[in-house]
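Asker: For reference, the sequence and a predicted model appear below.
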Amino acid sequence: MSLARSLFFSTPLIALCTIVMGTLSLIDSFFDHTGNSQHRLARAWARMLLAVCFVRVRVEGLGKLDPHGAYVFVANHGSFLDIPALLASLPQQFRFFAKKGLFGIPFLGTHLQRAGHLPVDRSSPRASLKSMQEAARIIGGRGISVLNFPEGGRSAEGLHEFKEGPAYIAIKAGVPVVPVAIVGMRELLPMGSIHLRSGKVVLRVGDPIPTMGLDAADRTELTQRLYREVSQLLVEGSDPFNAETQRTQRETQRKPK
């Protein structure tokens, strides 16, 4: 039943929402060159996608963030729905890194470029360094946050080793870096699957890690700390799938027979 809902309800509506909101965002880019209003449209699009997929996201730790502060957000990545979850949940204006090849896709590439997102060319260390320097410039000059998936792409299981790019950007920009864990999304939409399952997801925001006083040589240690922080956030608290079941079982056991 859930597979049929995914194929004949959620997937067509995802396509429709993406076409409509993408068109509005592209039109909007001719009037707002900052990308800020496009980000607000992207946030609305993300909430639509989560709604039509019947995915509910509970956010923990937002109180740790300054609503007007700029950060480098670092998150695990296991599903295509991670970006909608982050867009819908984080209050900051942020831009994210995308593979350079995506910028060559008609319509999508134009949207990414005009919204101010950053291309990453992993085949060229020089181009990657240029992207990181541009991200640091955006944060420092415009006060806009940056989102990065330090695993370098989606992971089918576990948490892969982090790359040092986000730590380098945060240090160069002199802003805190924030570990974020997305718990449960991979189970709803695994890599390579078109079966969108409904369910609950927890998005946990960790404590911002200051970078003032650090230099580029500290990026390795900071990267290792970020890996530990995200790993811890992934196992903290309750499982978003089993929490209600466990609570019901406990209440049943407490009832007098």
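Answerer: Everything's here; your move.
Asker: Surely P179 is within a helix?
Answerer: No: applying DSSP: H, G, I helix; E, B strand; the rest coil, one finds P179 to be strand, outside a helix.
Asker: What residues are bridge-paired with it?
Answerer: Note on P179: beta-bridge partners by DSSP bridges are V74.
Asker: Can you show me the helices along the stretch 151-257 of the chain?
Answerer: Along the stretch 151-257 of the chain, the stretches classed as helices by DSSP state H, counting those that start in this stretch are 165-173, 185-188, 219-235, 243-254.
Asker: In a markdown table: these, plus mean pLDDT, mean neighbour count and distance to G104.
Answerer: Quick note: C-beta positions are derived from backbone N, CA and C, even for glycine. A markdown table is the format used below for the helices of the stretch 151-257 of the chain (pLDDT from 0 to 100; neighbours: other C-beta atoms under 10 Å; distance: least, C-beta to C-beta, whole Å):
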| stretch | mean pLDDT | mean neighbour count | distance to G104 |
| --- | --- | --- | --- |
| helix 165-173 | 94 | 25 | 22 |
| helix 185-188 | 95 | 20 | 27 |
| helix 219-235 | 97 | 17 | 30 |
| helix 243-254 | 42 | 10 | 43 |
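Asker: Which of the ones you listed sits closest to R5?
Answerer: Among the helices of the stretch 151-257 of the chain, helix 185-188 comes nearest to R5, with 12.7 Å by C-beta to C-beta.
Asker: can you list the residues that contact the closest one?
Answerer: 53, 55, 78-79, 81-82, 85, 157, 196-199, 201, 241 (C-beta atoms under 8 Å, 6 or more residues apart in numbering).
Asker: try 10 Å
Answerer: 53-55, 57, 76-82, 84-85, 154-157, 193, 195-203, 239-241 (C-beta atoms under 10 Å, 6 or more residues apart in numbering).
Asker: Next, count neighbours for G61.
Answerer: 17 (other C-beta atoms under 10 Å).
Asker: So for it, what's the nearest residue that isn't a sequence neighbour?
Answerer: Closest residue in space to G61, ignoring its immediate chain neighbours: V205 at 3.4 Å, by C-beta to C-beta, 6 or more residues apart in numbering.
Asker: Buried ones among the contacts of helix 185-188?
Answerer: Using 16 or more other C-beta atoms under 10 Å as the burial test, the contacts of helix 185-188 include 53-55, 57, 76-82, 84-85, 154-155, 196-197, 199-203, 240-241 as buried.
Asker: could I get the helices of the stretch 151-257 of the chain as TSV with distance to I209?
Answerer: Formatted as TSV, the helices of the stretch 151-257 of the chain follow (distance: least, C-beta to C-beta, whole Å):
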stretch	distance to I209
helix 165-173	8
helix 185-188	23
helix 219-235	7
helix 243-254	28
